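Peer 1: sequence and predicted structure are below.
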Amino acid sequence: MAILTYSDEKRLFRGNQENFIDLIRTGEEKGVQVYVMTTSNFKLTGKSAVGFTYNFQTKSWKKELLPLPHVIYNRIPYRKFELLPEVQQIMQTCMKHAHIQFFNPAFFNKWTLFEWLNKSKETQEYIPTTQRLTTSEELEKLLQKHPSLYLKPIRGKAGKGIMKVSRLTDKSKSRTFQLSVQDKTKSHISRYSNVVQLWTQIRDMIGSKDYIMQQGITLSNYKQRPFDLRVLVQKNSQGEWSIAGVGARLAGKMSITTHVPRGGSIDDPAKLLGAGFGTLGTKKILRRIKSAALVIARQIEKSSGDTLGEMSMDLGVDGSGHIWFFEANSKPMKFDEPHIRKKSLENLIHYCIHLSKINVKKKKASELGKKKTAKSAPQKASR
């Protein structure tokens, strides 16, 4: 198995090297050779490839010629790298290769995700009202339907660039609009007397970036702090979607999101849900969360038309226990919960073993086809 990442001038390669080392270690335990391939040394012709192995004794990386991988796991860390023409060409080479399986070929686009999930009756119920952010008129229209909206960059990551717009009415029944802008661990709040002023500020802040606007959901909270659930969904040794684990993220006191880099914190889902739904209610909700995540993962993979092996999801639960889908990430950051972390590494290796068996079957079928063609060729000539 090769982990594909982007080359770097200052260090050997981009990406979470700790994560790569953990995968190499888990591979060794399961009898699978795992190494890192970079975009600059990328070549799939011949019988060998240039890759980096890790020496656990010397704690160092070594560049060497290695056997061609059976499976390539895409971990190019940023969209800007993935969209480069030379990297796109590498992706196409991987996807078209007859004897190499390639999975998770691209980052998800937030708008496309919601389009895919709205296509299916099975997943529609989990989707908050979501539209592209295009004009002040559209913003005002959606604000009339919902008291608050979240504005999210279509190609955003880790909560960066998220804003919240709220419609407020004071005692004199005059309407104002509040804009909360997430900045590191705090949110900055400003108010506007009309949508025109609000829109001018939003346009200044987002510039040319594409955004979606989404119905604000009043999430379940713990000690007056909202939380959501992070679900890691991965393919298993049978190549079927399974739940690696469910974590919880509690929003920071001054934050409009639950993302840890934005002030959120990791917590126990059963504890947080238990405060509002009790022990029995929590068990039911966690069962439904897992079921929803599997249905959503299947719909995303089906709509994408690509081979996917894993994704993380942000799912919320409101006060009535309804489940809402907010986001999915095709290149999940590593979960800090030890039991989820261990399971995630094992699942990736088991899934790669499953994919390599498909390769062997394909190769045998291909060789058998060649033999049959070779045998039938002289007969045709004698006629």
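Peer 2: Done, it's in.
Peer 1: contacts, neighbours, all on C-alpha from now
Peer 2: Fine.
Peer 1: in this structure, which residue is most central in space?
Peer 2: The residue lying closest to the centre of the chain (C-alpha atoms, centre = their mean) is residue 329, at 1.1 Å.
Peer 1: give me every residue that touches that residue.
Peer 2: 107-108, 311-313 (C-alpha atoms under 8 Å, 6 or more residues apart in numbering).
Peer 1: top of these by number of neighbours, please.
Peer 2: Of the contacts of residue 329, residue 312 is surrounded by the most neighbours, 25 neighbours in total, counting by other C-alpha atoms under 10 Å.
Peer 1: number of residues surrounding the nearest residue to that one once chain neighbours are set aside?
Peer 2: Leaving aside its chain neighbours, residue 312 sits nearest to residue 232 (4.5 Å; criterion: C-alpha to C-alpha, 6 or more residues apart in numbering). Look at residue 232: counted by other C-alpha under 10 Å, it has 28 neighbours.
Peer 1: so what's residue 232 bridging to?
Peer 2: Following DSSP bridges, residue 232 is listed with bridge partners residue 245, residue 312.
Peer 1: re the thing from before, could you give the bridge partners of the residue nearest to the centre of the chain?
Peer 2: With DSSP bridges as the criterion, residue 329 is bridged to residue 312.
Peer 1: so it versus residue 77, what's the distance?
Peer 2: Noted for residue 329: a distance of 12 Å to residue 77, by C-alpha to C-alpha, to the nearest Å.
Peer 1: equivalent analysis for residue 195, please.
Peer 2: From residue 195 to residue 77 the distance is 37 Å (C-alpha to C-alpha).
Peer 1: could you do residue 86 as well?
Peer 2: Distance from residue 86 to residue 77, by C-alpha to C-alpha: 15 Å.
Peer 1: can you check residue 32 too?
Peer 2: Plainly put, residue 32 is 23 Å away from residue 77 if you go by C-alpha to C-alpha.
Peer 1: then residue 340?
Peer 2: According to C-alpha to C-alpha, residue 340 and residue 77 sit 21 Å apart.
Peer 1: and what of residue 125?
Peer 2: Noted for residue 125: a distance of 32 Å to residue 77, by C-alpha to C-alpha.
Peer 1: now swap in residue 6 and tell me
Peer 2: According to C-alpha to C-alpha, residue 6 stands 7 Å off from residue 77.
Peer 1: helix or strand: which one has residue 199?
Peer 2: Using DSSP states H and E, residue 199 maps to helix 195-206.
Peer 1: rewinding a little: the more surrounded of residue 86 and residue 77?
Peer 2: Using other C-alpha under 10 Å as the criterion, residue 86 and residue 77 rank with residue 77 on top: 17 against 12.
Peer 1: surely the more buried one meets residue 7?
Peer 2: No - under the criterion of C-alpha atoms under 8 Å, residue 77 is not in contact with residue 7, lying 10.7 Å apart.
Peer 1: before we move on, back to that, if I look at the residue nearest to the centre of the chain, how far off is residue 162?
Peer 2: Counting by C-alpha to C-alpha, the gap from residue 329 to residue 162 is 16 Å.
Peer 1: ok, residue 279 next?
Peer 2: Counting by C-alpha to C-alpha, the gap from residue 279 to residue 162 is 33 Å.
Peer 1: give the contact list for residue 315.
Peer 2: With contacts defined as C-alpha under 8 Å, 6+ apart, the neighbours of residue 315 are 228-231, 289, 323-327.
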